[in-house]
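A.B. asks: predicted model and sequence below, questions to follow.
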Amino acid sequence: MASLPDLPAALQRYWGYASFRPLQESIVGSLLAGRDTCVVMPTGGGKSLCYQLPAALQTEKTAVVVSPLIALMQDQVAQLEQIGIPAGLLNSSLPLPAQSEVMRRARQGRYRLLYLSPERLVRAETIAWLRQIPIAYFVIDEAHCISQWGHEFRPEYRQLRALRDQFPVLPIAAFTASATQRVRHDIMEQLGLRDPRKFIASFHRANLRYLVKQCEPRTQPELLLRGLRSYPEGNVIVYAPTIKRVEETADFLEGHGIPAVPYHGQMDSRTRRRNQERWMADEVRVLVGTIAFGLGINKAAVRAVIHLALPQSLEHYYQEAGRAGRDGLPADCVLLWQKQDRSLLTFFLRKIEDREEQNRAWDRYRDIVGYAESGICRHLQICSHFGENPKWNTCRACDVCGTSLGWLAEPVRPEREARRSRGAERAAARAPAGASERGPATRQRPLPVAAAQPSVPVDSGLRDYLREWRRAAAQKQGVPAFVVLHDTSLDDLCRRQPATLADLRGVFGFGEIKTARYGNDILVALATYRRGARAAGASSRPVHGHGTGNE
């Protein structure tokens, strides 16, 4: 077992990171010490690393990770393999011979991390097999699913209490991005955690700007178009309330020159996966999805998340909106809601047959409607909802506290502008002398969207060229492009433009294995670009929010 002083070196060796994020090192230390652990860390806070790093350091044992989605397991395993950490998964996506091979390798202690679904984990035959594996600890990811008070309760998670009964001496770690105090206590009770160390990160995402606007059905589409054209860089997620609205919105955007892909649960898995990968690889900048989209998504440069209806709960909204700005740069979380949204939510509420669950759903309904209609700071409302007590009363990063975006002004049609002008003339004629010099007291100057610019600019031509290289490398290996190279690493690569492998080790995200795997090819690509090579079709790329990238 590694001692704590080894942790920064291991972080650099595997992940290529120079330092830990808040709480990460302490969480790693808790798991290495064999303690039950409960972690609540917002989306983008680096939860996965907290249980992956201690697993990588225990070379003769395996961490068993309970994960709710096959696609999420696949991505995690692929990313771990890229940085030299042996990992496996066992689920229905594998043919039977492959499942048998995974089980054999796990018995031999060949994996540092092993991913299972909750349904698979609680089978009697799985428990018997796990007894033959040298397990270090269990990790329950998306742990809020175990609580009936949570926003995504899954009955199969309730059975995970069997882990404490069947493996009483092994540590259990619970991880979630969004859990109120009540849900946190329920998680610890349901899993039978013993004197757990608790790590609750702040829910305040200072780089996010929360804006809420009630709009009319006839003006919402035009607002959305204006919004998407306001973000010339980075990606955007648009959340729609129903599958029908997802398809209609994607078609509407395509018809107005903004390439977009849909994502929802009724698509076949191959198409859904392909659309997600196209968005992750910047082939298409806008993804329109239901709440089925987003779990485990690690996309850094999302400049805006726009909701076209009230979400199901404040927890849902926090998690979905929190997929913006994971690179730490300013990003917008915009809620465009309509009066009819309340009717849609109450329609589904009344279909819940269990009385207690219906009451809990009504509580969630009141919370999200209160958030939308309240005149209280948005950041303050969110923090308070999750049991945090900020010392400030104004955030300066929400519409209540004075932040505005030019594109959120209601679209003004010519006939409306003519009526407004005539009304202004009549009002001026009736006003006392000198009033016109002061100007209308209610008029506000629209503020432009603040473009998030890093301190060192990125050569956009080089970024396109390296995206093309990344896409080719990913296709060769049969993995998503972000598994080869995250956006944050790609941008840092463009800024630093290393000339040697030693220089490359200083780029964010380049540990030993990734440098050895891709280093020479990247140096060749950089040299080729300096000699004049460019991405295919780069000279004809559209601009002003219509670009789709070259991957």
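C.D. replies: That came in fine, so what should we check first? Residues are numbered from 1 along each chain as shown.
A.B. asks: CA only for contacts and neighbour counts going forward, please
C.D. replies: Fine.
A.B. asks: surely residue 202 and residue 388 touch.
C.D. replies: Yes - with contact taken as C-alpha atoms under 8 Å, residue 202 and residue 388 are classed as touching, separated by 7.3 Å.
A.B. asks: output the helix or strand hosting residue 164 as CSV, nothing but the C-alphas.
C.D. replies: Assigned by DSSP states H and E, residue 164 belongs to helix 162-166. In CSV, the C-alpha atoms belonging to helix 162-166 read as follows (Å, rounded to 0.1, in the frame of the first residue of the first chain):
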residue,chain,number,x,y,z
ALA,A,162,-26.1,-7.1,0.7
LEU,A,163,-22.5,-6.0,0.3
ARG,A,164,-22.2,-5.1,3.9
ASP,A,165,-23.8,-8.4,5.0
GLN,A,166,-21.8,-10.6,2.6
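A.B. asks: residue 13 should be in a strand, yeah?
C.D. replies: No - per DSSP: H, G, I helix; E, B strand; the rest coil, residue 13 lies outside any strand segment and is helix.
A.B. asks: mind listing what the nearest residue to it once chain neighbours are set aside touches?
C.D. replies: If the residues on either side of it in the chain are set aside, residue 13 comes closest to residue 511, at 4.8 Å by C-alpha to C-alpha, 6 or more residues apart in numbering. For residue 511, the contact set (C-alpha atoms under 8 Å, 6 or more residues apart in numbering) comprises 12, 13, 14, 15, 16, 17, 83, 505.
A.B. asks: make CSV out of the residues you listed and add neighbour count.
C.D. replies: CSV is the format used below for those (neighbours: other C-alpha atoms under 10 Å):
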residue, neighbour count
12, 20
13, 20
14, 21
15, 22
16, 24
17, 20
83, 23
505, 21
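A.B. asks: ok, those residues vs residue 304, which is closest?
C.D. replies: Each of the contacts of residue 511 was scored against residue 304 by C-alpha to C-alpha, and residue 17 proved nearest at 25.9 Å.
A.B. asks: endpoint to endpoint, stretch 218-236 covers what distance?
C.D. replies: Length of stretch 218-236, first residue to last, C-alpha to C-alpha, to the nearest Å: 22 Å.
A.B. asks: buried set for that stretch?
C.D. replies: Going by neighbour count (16 or more other C-alpha atoms under 10 Å), the buried part of stretch 218-236 is 220-221, 223-231, 233-236.
A.B. asks: swap in stretch 492-508?
C.D. replies: 492, 493, 494, 495, 497, 498, 504, 505, 506, 507, 508.
A.B. asks: again with stretch 461-471
C.D. replies: Taking 16+ other C-alpha under 10 Å as the neighbour-count basis, stretch 461-471 is seen to contain the buried residues 461, 462, 463, 464, 465, 466, 467, 468, 469, 470, 471.
A.B. asks: looking at those, which are in helices?
C.D. replies: Restricting the buried residues of stretch 461-471 to those inside helices, with DSSP state H as the criterion, leaves 461, 462, 463, 464, 465, 466, 467, 468, 469, 470, 471.
A.B. asks: and which of these is nearest residue 270?
C.D. replies: Distance ranking of those against residue 270, using C-alpha to C-alpha, places residue 471 first at 18.2 Å.
A.B. asks: that closest one is in contact with residue 283, isn't it?
C.D. replies: No - the pair residue 471 and residue 283 does not pass the contact test of C-alpha under 8 Å, sitting 9.8 Å apart.
A.B. asks: what comes into contact with stretch 363-378?
C.D. replies: With C-alpha under 8 Å, 6+ apart as the contact definition, stretch 363-378 has outside contacts at 210-212, 310-314, 342, 345, 381, 393-395, 398-401.
A.B. asks: what's the answer for stretch 335-354, then?
C.D. replies: Here stretch 335-354 has contacts from 211-217, 220, 306-310, 312, 358, 361-362, 365, 369, using C-alpha under 8 Å, 6+ apart.
A.B. asks: now the buried members of the residues you listed.
C.D. replies: A residue is treated as buried here by neighbour count (16+ other C-alpha under 10 Å); on that basis the buried members of the contacts of stretch 335-354 are 211-213, 215, 220, 306-310, 312, 358, 361-362, 365, 369.
A.B. asks: looking at those, which is nearest residue 519?
C.D. replies: Using C-alpha to C-alpha, residue 306 is the member of the buried ones among the contacts of stretch 335-354 that lies nearest residue 519, at 37.5 Å.
A.B. asks: for that closest one, phi and psi?
C.D. replies: The main-chain torsion angles of residue 306 are listed as degrees, to the nearest 10 and equal phi -120, psi 120.
A.B. asks: let me see the contact set for it.
C.D. replies: Taking C-alpha under 8 Å, 6+ apart, we find residue 306 in contact with 236, 237, 238, 239, 321, 333, 334, 335, 336.
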